[in-house]
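>>> Generate a structure from the sequence data that follows.
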Amino acid sequence: MAESRSRTAERSQLGYLAGGLLTAALLIGCSGSGEGDALLTSYQRDLAHALGQPAPEPGDPVNIGALPDRRERLFVIPDTRAALLDVYALRECHITSLVAARNNQLGRVAPPSQRWIYELELWRRLHACWHSEVPEALSDSNRERLARLTMTKTKQLPMVSWNTLFDSDEWTGSFSRASSPLEPDSRDAIDEQLAAIEWLHAATLNQFSLEWQHASSTLEGHLDTLRRRPLTAEVLRALLLAEQRLGEANALLEASLADTASCRPLAEAADELKTLFRQVPAIEWLDELEAQASRWLGAVDTLLESHASPPEAVARYRHRWLSLDNPEAPLPAFLATRDAHQRHWQALAERCE
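You can find the predicted model right below:
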């Protein structure tokens, strides 16, 4: 019976331990930390030990800003209302069934992506009709109506394609603040979503091309790929995390540089310091993060650049969080902090050589 109580107590302790580990894992997930943060904090501890300093207390990096509200990020596009008889008068342009489908109950609640497909097809039919022999057979009023409608849809199409992107849950979800930093070994996810970004970029550039294939299923497939994870937010939060941890590590190096008597203990730890600077997994991950963030944010920047000038709220968001050259944006700020880290290492090496 004593043995039974002992086993029961042992199982209880194991269960308590397992519960504690599970709780810890849940807390790690909620706090947004993970393997990348573990690598960086381990690097900090090893660096502090080699420098003969206490390890820093890791702080919480800031989260990314919220994407502007829907009304602030979309263009206001007036509805183009045409009477049934007006549309019928342009029946030789083959737009009657298209407009009818757009105006039925399903058409009125279609998702943004399908609205873009509709507007794109409508523009193509109007454009082709205007450049055909049809206008010559129309009355003056109907020819004027066709010209006005074609011009209106030509002006609106770039705004429609912008609204399609920034009104879709798939794209706006990529900027979700309820996300975790990108983890190491995420190359496959970036490669997969890059294909979707590149197709959307090509679609934007070719929306006025009559030869471009704009199949609805292809568009929906790429949007579904973007839906699978908030990759933009993950990349940005990883950059913010890395900048925070490197900044804390920089403080260790700056303290050693300020201590004129620090070279003797550093000489004793020379091999350890060389290993830290060149071979630790944290440094390898920072290299990978820089490459992946540059690829992804570069592709996002190229996509946005292919669109019409954005609404002011989105322009501000883009400058603050997505810019490739604003010093305060996550990628340039991370690169600057990493450059400072390398300079501190170099200065320490030269002074203690």
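>>> Can you show me the helices along the stretch 251-353 of the chain?
Here the stretch 251-353 of the chain has its helices, by DSSP state H, counting those that start in this stretch, at 263-268, 270-279, 281-305, 312-317, 330-351.
>>> Ok, which of the ones you listed comes nearest Pro78?
Ranking these by proximity to Pro78 (C-beta to C-beta) places helix 312-317 first, at 19.7 Å. Every C-beta, even on glycine, is put in place using the N, C-alpha and C of the backbone.
>>> Flag the shaky bits of this structure, pLDDT-wise.
Applying pLDDT under 70 to the chain flags residues 1-33, 81-86, 88, 104-109, 261-262, 264-279, 353.
>>> how does it divide into domains?
What automatic domain parsing lists as the domains of the chain is 29-60+167-353, 75-163.
>>> closest one to Pro68 among these?
Nearest to Pro68, of the domains of the chain and by C-beta to C-beta, is domain 29-60+167-353 at 3.8 Å.
>>> Could you check how many residues crowd around Trp285?
Residues lying near Trp285 (other C-beta atoms under 10 Å) number 20.
>>> now do the one 10 residues further on
Around Arg295 sit 15 other residues, with neighbours defined as other C-beta under 10 Å.
>>> Likewise for Ala101?
Other residues near Ala101 come to 12 when the count uses other C-beta under 10 Å.
>>> Who are the packing partners of the helix or strand containing it?
Using DSSP states H and E, Ala101 sits in helix 96-103. Under the contact definition 3 or more C-beta pairs under 8 Å, 6 or more residues apart in numbering; DSSP states H and E, helix 96-103 sits against helix 84-89, helix 112-130.
>>> With respect to Asp185, which of those helices lies nearest?
Closest approach to Asp185 among these (C-beta to C-beta): helix 112-130, 31.1 Å.
>>> contacts for that closest one?
90, 92-95, 98-99, 101-102, 107, 110, 135, 146-147, 149-150, 153-154, 156-157, 160-161, 163-164, 167-168, 207-208, 210, 214, 216, 219-220, 223 (C-beta atoms under 8 Å, 6 or more residues apart in numbering).
>>> Turn the domains of the chain into a markdown table, including distance to Pro68.
As requested, the domains of the chain are exported to a markdown table (distance: least, C-beta to C-beta, whole Å):
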| stretch | distance to Pro68 |
| --- | --- |
| domain 29-60+167-353 | 4 |
| domain 75-163 | 13 |
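>>> Show me the residue sitting in the middle of this protein in space.
Centroid-nearest residue in the chain, with C-alpha atoms, centre = their mean: Thr232, separated by 1.6 Å.
>>> if I pick the closest residue in space to Val99 that isn't next to it in sequence, what's in contact with it?
The shortest distance from Val99 to any non-neighbouring residue, by C-beta to C-beta, 6 or more residues apart in numbering, is to Val87 (5.3 Å). Taking C-beta under 8 Å, 6+ apart, we find Val87 in contact with Ile95, Thr96, Val99.
>>> Let's have these in JSON lines, adding neighbour count.
Converted to JSON lines, the contacts of Val87 look like this (neighbours: other C-beta atoms under 10 Å):
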{"residue": "Ile95", "neighbour count": "21"}
{"residue": "Thr96", "neighbour count": "15"}
{"residue": "Val99", "neighbour count": "20"}
